Structures are given as C-alpha cells and as structure tokens.
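Visitor: model the structure of this input:
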Amino acid sequence: MPESNEKRFEELLTFPCLFVFRVVAHTGEETKRACEAALLAVLSRPAEGVEVKPSSKGNYQAIRLGVTVISADEIRALYTALNAVEGVRMVL
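Guide: As a prediction, this is how the structure comes out:
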C-alpha cells in the first residue's frame, strides 16, 4: 500500500470508531460465518452488527460487518483477513 494511503485512515478517522466493512461474496451462510470468524480472530471481539443482502440474481451476497476499531492497523488487518476468506470477491 502506498505511504499516502497508509496515513489516510489516521487522518480521516478518530479512534475508537465504528467501521463498517462491506464484503461482496458468493451466496451461502458458510461465507458469512467465515467472515465473522475472520473478524473475531483478528480482533478477539465479535461484529456489532451483521447484515446480509442477496444480489438480484442470487449468485452473490453483500455482507455488512460493523465493528469498533481502535486503530488504523486493525482496519488494515481486517481487510487482509476478510480478503483471505474463501468465496469473498471484494472487500470495501
């Protein structure tokens, strides 16, 4: 990640704060559970809010995971962990 982007979270957010990750993944309950497990493994605390919305054709789902983060490093670690989950196509 370029240095200018690494400082961006620190400049834009005041920690601790609620941060919502948006995950686009293949449809299935196991993918949602795997995303929640990845979040729990990194932070040792569960998501505060989880919402799932299926795509119009039903092939994909949008998973919103809200979590309180205390640093930009936690956000970066969560992006890495969520991108590693099988079935995840994109993390926003």
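
Visitor: just the helices in the chain please.
Guide: 3-6, 8-12, 29-43, 72-83 (DSSP state H).

Visitor: show me where pLDDT drops low in the chain?
Guide: Where the chain drops to pLDDT under 70, the residues are 1-7.

Visitor: look up how far A84 lies from the spatially most central residue of the chain.
Guide: For the chain, the residue nearest the mean C-alpha position is F21 (3.6 Å; Cα atoms, centre = their mean). Taking Cβ to Cβ, to the nearest Å as the measure, F21 falls 13 Å from A84. Placement of C-beta: from N, CA and C, glycine included.

Visitor: identify the residues contacting the residue nearest to the centre of the chain.
Guide: The contact partners of F21, taken as Cβ atoms under 8 Å, 6 or more residues apart in numbering, are L39, R64, L65, G66, V67, L78, Y79, L82, V91, L92.

Visitor: one more pass at 6 Å, please.
Guide: L65 (Cβ atoms under 6 Å, 6 or more residues apart in numbering).

Visitor: if I look at it, how far off is L78?
Guide: Taken as Cβ to Cβ, the span from F21 to L78 is 6 Å.

Visitor: cool, and T14?
Guide: Counting by Cβ to Cβ - T14 and L78 are separated by 18 Å.

Visitor: pick out whichever of the two has more residues nearby.
Guide: L78 (22 against 6; other Cβ atoms under 10 Å).

Visitor: excluding chain neighbours, what is closest to that one?
Guide: Closest residue to L78 apart from its sequence neighbours, by Cβ to Cβ, 6 or more residues apart in numbering: V42 at 5.5 Å.

Visitor: same check on F19?
Guide: V69 (4.8 Å).

Visitor: again, but for A34
Guide: Nearest to A34 is V85, by Cβ to Cβ, 6+ apart, at 4.7 Å.

Visitor: tell me which residues touch the one you found, please.
Guide: Contacts of V85 by Cβ under 6 Å, 6+ apart are A34, C35, A38.

Visitor: tell me how far the last one lies from L82.
Guide: Going from A38 to L82 by Cβ to Cβ gives 6 Å.

Visitor: got it, and L13?
Guide: Distance from L13 to L82, by Cβ to Cβ: 18 Å.
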